[in-house]
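S.K.: let's see this in three dimensions:
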Amino acid sequence: MQQALALDPELLRAFLLIAEGESFTGAADRLGRTQSAVSMQIKRLEEVLGQTVLSRGRGGGVTLTPHGRYLLARARDILALNDEVMRTFREPAISGTVRLGTPDDYALSHIPAVLRRFAETHPAVQVDVLCSSSTDLVERLKAGELDLTLVSAGMEPRNWPAVPLWRGPLSWITSTRYAPHRQDPLPLALAHEACGWRRAAEDALRDSGIRYRIAYLSGTQIGTHAPVVAGLAVTVSALTVLPEGVRPMRPEEGLPPLPEFGIMLLKARDAAQPVTDALAEHIQERFRLDFVSRAAA
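M.R.: Alright, predicted model coming up:
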């Protein structure tokens, strides 16, 4: 059986520095090597790949070949993963328990990826997750029952440090099979009166002169989706994870526009360190990447 060849991270690092700086000389300076040593690294890389990845111009400049352009994006990912693994094993292990709160509105759309990545990089940390309303989570945070919590913007206590994670639009949600949005008065499935999404929906309808009635109440966002799937009501939601059988309404279908909403991250004043900070960094990075990917879509 033929042994598979492997990409040496140091060869990829030399290639990446040359590609980004378009110079063997600059890469050699940053690596602390001679220019000839860096040239040998690229030669070895091309031998392993069986393709040319860099082309030298007459004026000393460097350009990427088609294979080099293909390699460039992947080299960044490979090196990022390599560096993350090395940091995980070389840095002092973080252990302990961190208590995380989240409204169920975000529990399916954001938290699974955070927990999976955090478990990979901090296997000795236990994360206890509580799903509840923003109002309840804030009270539990203040009582010292949580270390971190996500809440809807506007629910954070006064004079309590809060990190903005995300902003996005709210949408009216109706059934894919039925048309409860055509009923008069409009039947709504909403949460408790303190919910910011409910207040936004009722304010928008009142300002537009549209009659409505609260047909279904639920303590969770998932609970408000159930009557919508059945075609019995309309609800309000973020366009993150929607269950099968519902859809966002189009502006021309007659309901007024809704405001944007925000997601905030709060940390307990006496949260355990550094385990809490490590999870907070993962949460912020996940939302940052999600915001970038949505903006690029």
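S.K.: tell me which element residue 263 falls in.
M.R.: Element membership for residue 263 (DSSP states H and E) is strand 260-267.
S.K.: which elements pack onto that strand?
M.R.: Applying 3 or more Cβ pairs under 8 Å, 6 or more residues apart in numbering; DSSP states H and E, one finds that strand 260-267 contacts strand 148-152, strand 162-175, helix 196-208, helix 275-296. All C-beta atoms are positioned from the backbone trio N, CA, C, and that covers glycine.
S.K.: show me where pLDDT drops low in the stretch 51-200 of the chain?
M.R.: 58-60, 87-88, 90-93 (pLDDT under 70).
S.K.: rerun at 90
M.R.: 51, 53-65, 68-69, 72-96, 103-124, 131-135, 152-159, 166-170, 191-198 (pLDDT under 90).
S.K.: from residue 102, how far off is the closest residue to residue 140 other than its chain neighbours?
M.R.: Distances taken as Cβ to Cβ, 6 or more residues apart in numbering place residue 146 nearest to residue 140, at 5.0 Å, with adjacent residues excluded. Relative to residue 102, residue 146 is positioned 10 Å away (Cβ to Cβ, to the nearest Å).
S.K.: now the common contact residues for the two.
M.R.: 130, 137 (Cβ atoms under 8 Å, 6 or more residues apart in numbering).
S.K.: coming back round to it: tell me the most buried of the helices and strands packed on strand 260-267?
M.R.: strand 148-152 (a mean of 24; mean count of other Cβ atoms under 10 Å).
S.K.: partners of it, with directions?
M.R.: strand 96-102 (parallel), strand 260-267 (antiparallel) (DSSP bridges).
S.K.: tell me which of those sits nearest to residue 234.
M.R.: Closest to residue 234 of the strands paired with strand 148-152 is strand 260-267 (Cβ to Cβ; 17.3 Å).
S.K.: which residues are contacting that closest one?
M.R.: Counting by Cβ under 8 Å, 6+ apart, 106, 138, 141, 147-156, 160-170, 196-197, 200, 238, 276, 280, 283-284, 287 sit against strand 260-267.
S.K.: next, the angle strand 162-175 makes with it.
M.R.: Angle, strand 260-267 to strand 162-175, by axes from the mean of the first three to the mean of the last three Cα atoms, to 10 degrees: 140 degrees.
S.K.: and strand 260-267, what's buried?
M.R.: Going by neighbour count (16 or more other Cβ atoms under 10 Å), the buried part of strand 260-267 is 261-267.
S.K.: how far does that strand sit from its chain's centre?
M.R.: 13 Å (Cα atoms, centre = their mean, to the nearest Å).
S.K.: could the C-alpha coordinates of that strand be exported in CSV?
M.R.: C-alpha atoms of strand 260-267 as CSV (Å, rounded to 0.1, in the frame of the first residue of the first chain):
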residue,chain,number,x,y,z
GLU,A,260,-34.7,44.9,14.0
PHE,A,261,-33.8,43.1,17.1
GLY,A,262,-30.5,42.4,18.9
ILE,A,263,-28.9,39.7,20.9
MET,A,264,-26.8,40.6,23.8
LEU,A,265,-24.3,38.6,25.9
LEU,A,266,-24.2,39.2,29.7
LYS,A,267,-21.7,37.9,32.2
